[in-house]
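structure for the following, please:
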Amino acid sequence: MDLKELREKAEVDFKTNGFPTTKEELWRFTDVSRVAGAAFSNDWKPSELEFQSLDKITVVFENGKLSREKSNFEGLPTGVCIGSILDLVDPRIGTLADAQSAFVSSNTAYFGDGAFIEVTEGVKMDAPIHLVYLADIDGAAFHMRNFISAGKNAAVTVVEEYIGLSGAAYWTNVVTEVFVSDGGLVDHYKVQRESESSYHFQTLEAQLGTGSVFSNHAVTLGAALGRNDIRGKLTGEEGEAICNGLYLLKDKQFFDTHIFMDHAVPKCNSHELYKGILDDKARAVFCGRILVQNDAQETDAVQSNGNLLLSRTAKVHSLPQLEIYADDVKCTHGATIGQLDDVALFYLQ
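Numbering: from 1, shown residues only. Have a look, this model is predicted:
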């Protein structure tokens, strides 16, 4: 299926199925009616927001479009390709993130731009690739699509940073697909500092080959309502997936994190550590599911979620899950939700 057919099918899926409701198991704690009931525009203007580059390779998207004036990805090493996903083609685009939700379907149908990153076999990049997403148009929707590929024994670090204008109400909808070939390494970071009135949804899909490593580190600070869907599939032996996250929420913020790790082959590791601090009337959801298939012997999987509530009105739903069909495994999970100890706080003061 080519990209045009993929887009057309996704648009049909989106219009047919609509947005999820709390009657669906995967969304029972997360009400997205505020997004479903809103009308978003396709308006565009140059962004007036400021940002700070991490290193010399910076790819800037302002209000959903690549800004070549603000970006710097010239003079790349041999074997590294960076650009707009609208200009570069790979048949794997859309093969990981299928129409599993309205957010993926709408992104596939309507994405207006995004980053294309390909590091070929044996190339190891020292400097990180900094992807910056600036949003300062009230009432607009930004559908961003990213593609990251690390060839055999290649290595790359990618940082996604989302910056929004305070008080602006807009919708950021992102899909990032990551392919890590045998022996490859992708170190992925995400810093979400959207407007406190915005909506932020991202689906990140990663496929790992033999002896490969994929890590994802997410810091969530902004958005009134949002969700991270992180899905990894270990398809080669001795692959390793690492997912770490921190969410700091206040006022009436609501953020949902769903992780699904699929161990399809033996001798793979996955480790997940998520921590949250909530104040005021903030809400959070953490749902982590690890699937160990029949043939995935010698799996080592660890999942942990810890939460600190700074007020009596903050709330967290934590649902760690293990689904195991093999017998020679090491799998653990745990969750904690608590408040500051009054006695310890007294002595600290």
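
name all residues that make contact with E196.
S166, G167, G222, A223, A224, D251, Q253 (C-beta atoms under 8 Å, 6 or more residues apart in numbering). Glycine gets a C-beta too; all of them are placed from N, C-alpha and C.

if I look at it, how far off is L134?
Relative to L134, E196 is positioned 16 Å away (C-beta to C-beta, to the nearest Å).

with K281 instead?
29 Å.

and these two? Which one has more around it.
With neighbours defined as other C-beta atoms under 10 Å, K281 and L134 compare such that L134 has more, 24 against 16.

excluding chain neighbours, what is closest to the more buried one?
S47 (3.9 Å; C-beta to C-beta, 6 or more residues apart in numbering).

go ahead and confirm Q207 touches D182.
No. If you go by C-beta atoms under 8 Å, Q207 and D182 don't touch, sitting 11.6 Å apart.

neighbour count for those two, which is higher?
Q207 (23 against 17).

what's the following helix or strand after the helix or strand that contains that one?
Assessed by DSSP states H and E, Q207 sits inside strand 199-208. Note on strand 199-208: by DSSP H and E, the next helix or strand toward the C-terminus is strand 213-220.

and whichever helix or strand comes after that next one with strand 213-220, angle?
Going down the chain from strand 213-220, the next helix or strand is strand 225-234, by DSSP H and E. Using axes from the mean of the first three to the mean of the last three C-alpha atoms, to 10 degrees, one finds that strand 225-234 and strand 213-220 are set 170 degrees apart in direction.

tilt between strand 225-234 and strand 199-208?
0 degrees.

do a quick rundown of the helices in the stretch 101-250 of the chain.
Here the stretch 101-250 of the chain has its helices, by DSSP state H, counting those that start in this stretch, at 102-110.

and the longest helix that the chain contains, what's buried?
Ordering each helix of the chain by length in residues (DSSP state H) puts helix 3-17 first. Using 16 or more other C-beta atoms under 10 Å as the test for burial, helix 3-17 gives L6, R7, K9, A10, D13, F14.

quick revisit: just put the contacts of E196 in a markdown table and tack on pLDDT, distance to S101 and neighbour count.
A markdown table is the format used below for those (pLDDT from 0 to 100; distance: C-beta to C-beta, whole Å; neighbours: other C-beta atoms under 10 Å):
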| residue | pLDDT | distance to S101 | neighbour count |
| --- | --- | --- | --- |
| S166 | 96 | 29 | 12 |
| G167 | 96 | 28 | 11 |
| G222 | 97 | 21 | 23 |
| A223 | 98 | 17 | 25 |
| A224 | 98 | 19 | 18 |
| D251 | 97 | 26 | 10 |
| Q253 | 98 | 21 | 24 |
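
wait, F142 sits on G114?
No. Using C-beta under 8 Å as the test, F142 is too far from G114 to be in contact (10.0 Å).

with neighbour numbers in mind, choose between these two.
Comparing F142 with G114 by other C-beta under 10 Å, the one with more neighbours is F142, at 29 against 25.

the most centrally placed residue in the chain bridge partners, please.
The centroid of the chain falls nearest to L204 when counting by C-alpha atoms, centre = their mean (4.3 Å). Taking DSSP bridges, one obtains T176, I230 as the residues bridged to L204.

surely it is in contact with N216?
Yes. Counting by C-beta under 8 Å, N216 is a contact partner of L204 at 6.6 Å.

can you pull the residues that touch both of those two?
Joint contacts of L204 and N216 (C-beta under 8 Å, 6+ apart) are H188, K190, I230.

contact partners for the last one?
Yep, that's I230 we're talking about. If you count contacts by C-beta under 8 Å, 6+ apart, then I230 has L204, A206, N216, A218, C243, T257, H258, I259, F260 around it.

hang on, the earlier thing: nearest to G236 among the contacts of E196?
Ranked by distance to G236 (C-beta to C-beta), the contacts of E196 are led by A223 at 34.9 Å.

I figured R7 hits A109, correct?
Yes. Contact criterion C-beta under 8 Å: R7 and A109 qualify, at 5.4 Å.

what lies in contact with stretch 53-62?
The contact list for stretch 53-62, computed with C-beta under 8 Å, 6+ apart, reads 46-47, 49, 51, 66-67, 70-73, 76, 82, 113-115, 127-134, 144, 159.

next, the buried residues of that stretch.
Per 16+ other C-beta under 10 Å, stretch 53-62 contains these buried residues: L54, I57, T58, V59, V60, F61, E62.

end to end on it, go ahead and measure it.
Distance across stretch 53-62, first residue to last, is 14 Å (C-alpha to C-alpha, to the nearest Å).
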